[in-house]
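A.B. asks: coordinates only, sequence not included:
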């Protein structure tokens, strides 16, 4: 069982650069691929970024490529999402996801709200 707790959200001005964190419980954090997803008001949840269990591979949605950076610290059981050059359309609840491909286990945090004002 993995529990995920996101933090770092809030009200940010357009162009701002907040960093989201996702702290994971459990001893097997380093065996999970970690991702960030978001859900804007009235829209479906969408993929933002993912990082492999080792941190060696990352992948981003086209909408955030070049502006957001995902990283992880396996010693701290934490994954980060550095967001730069925020736009009002980045306003959403941001969710952390842990997925273990071998077992198919999949966990979600409760999300953190990021509101970007213009």
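C.D. replies: Yep, it's here. In this text, all values refer to a predicted model and were calculated from it rather than measured experimentally. Residues are numbered from 1 along each chain as shown.
A.B. asks: following the helix or strand where residue 47 lies, which helix or strand shows up next?
C.D. replies: Using DSSP states H and E, residue 47 sits within strand 46-51. Using DSSP H and E, the helix or strand that follows strand 46-51 in sequence is strand 58-60.
A.B. asks: list the helices and strands that following strand packs on?
C.D. replies: Where contact means 3 or more CB pairs under 8 Å, 6 or more residues apart in numbering; DSSP states H and E, strand 58-60 is packed against strand 46-51, strand 68-73. All C-beta spots, glycine's among them, are computed from the backbone N, C-alpha and C.
A.B. asks: ok, now with 6 Å
C.D. replies: strand 46-51 (3 or more CB pairs under 6 Å, 6 or more residues apart in numbering; DSSP states H and E).
A.B. asks: Paired strands for the strand holding residue 47, with orientation please.
C.D. replies: In the sheet, strand 46-51 lines up against strand 33-39 (antiparallel), strand 58-60 (antiparallel) (DSSP bridges).
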